[in-house]
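> Starting from these lines, generate the structure:
(one chain, ligands or ions: 1)
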Amino acid sequence: MSTNNCIDPPPIKGAPLVSDTLRSMRDAARVGDPIAAEIVAEWFLALRNQLFADQRPVRLEELGTGTPYWIQIDEQQWHLARKRGRPVRALYVHPLPGERSTSRRDHKWSADRTHCVVCNDPFDWAEAYCNPPRAPQPIPIKVQPFNPSWFLPALERLERALKRESKQERDKWNREIAQLRKSIEQHTKEKSP
Ligand SMILES: [Zn+2]
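From the prediction side, this is the model:
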């Protein structure tokens, strides 16, 4: 089963989380195009299967006093907040993030606390742990075959052209060419079987 659709396929493989589904729904609403019935059915199935699954909250939050921000709290603070009638909320995910991934890192919130600067999850309903998509593996560059003897015809042509130069230039460049020929000869001798 998958909540994949053409708008924003979830980057992590496995059964879709509630947050994957909510993210797909949000993105679809932003795009504004009509949604095929089978995609809506997939969203429904993903939400139903997760909401009725064995799960426990992975994050408890209380609305900060006088701020629009949700603050993470522990279980004891949760019960106190419930008693006082404070607005609280819990994040449930299924399967648990630890069952899908080994990442246990916390998110790093942006200065305005709108999103995680590492994985880009929105602050309001980020997954419990930071699990950024992996960078693509670089393709190893294959060493191209190279043979210095390929330069020999060019050296021959240079020698012929040097005959029109002054004696001083001819001597200087002939010495260089002789040195290069020697190096090429040694190199190709070492390399050839
Ligand atoms: Zn993150």
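> same question for the one helix or strand Ile39 maps to, mean pLDDT?
Element membership for Ile39 (DSSP states H and E) is helix 37-51. Helix 37-51 shows a mean pLDDT of 87.
> Whatever helix or strand comes next after it packs against which elements?
Counting by DSSP H and E, the next helix or strand C-terminal to helix 37-51 is strand 57-63. Applying 3 or more C-beta pairs under 8 Å, 6 or more residues apart in numbering; DSSP states H and E, one finds that strand 57-63 contacts strand 70-73, helix 75-83, strand 88-92. Any C-beta I mention is one placed from the backbone N, CA and C, and that applies to glycine too.
> Can you lay out those as a markdown table showing mean neighbour count, distance to the ion and mean pLDDT?
Listed next are the helices and strands packed on strand 57-63 as a markdown table, based on neighbours: other C-beta atoms under 10 Å; distance: least, C-beta to the ion, whole Å; pLDDT from 0 to 100:
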| stretch | mean neighbour count | distance to the ion | mean pLDDT |
| --- | --- | --- | --- |
| strand 70-73 | 15 | 14 | 90 |
| helix 75-83 | 13 | 23 | 92 |
| strand 88-92 | 15 | 14 | 84 |
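> want to throw the ones you listed into a markdown table with distance to Ser110?
A markdown table is the format used below for the helices and strands packed on strand 57-63 (distance: least, C-beta to C-beta, whole Å):
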| stretch | distance to Ser110 |
| --- | --- |
| strand 70-73 | 15 |
| helix 75-83 | 25 |
| strand 88-92 | 19 |
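> Looking at those, which is nearest to Gln168?
strand 70-73 (82.2 Å; C-beta to C-beta).
> List the neighbouring strands of that closest one plus their orientation.
strand 57-63 (antiparallel) (DSSP bridges).
> Please identify the buried residues of the longest helix along the chain?
Using DSSP state H, we find that the single longest helix of the chain is helix 167-191. If you call a residue buried by 16 or more other C-beta atoms under 10 Å, then helix 167-191 has these buried ones: Leu180, Arg181, Ile184.
> Perfect, I'm done here.
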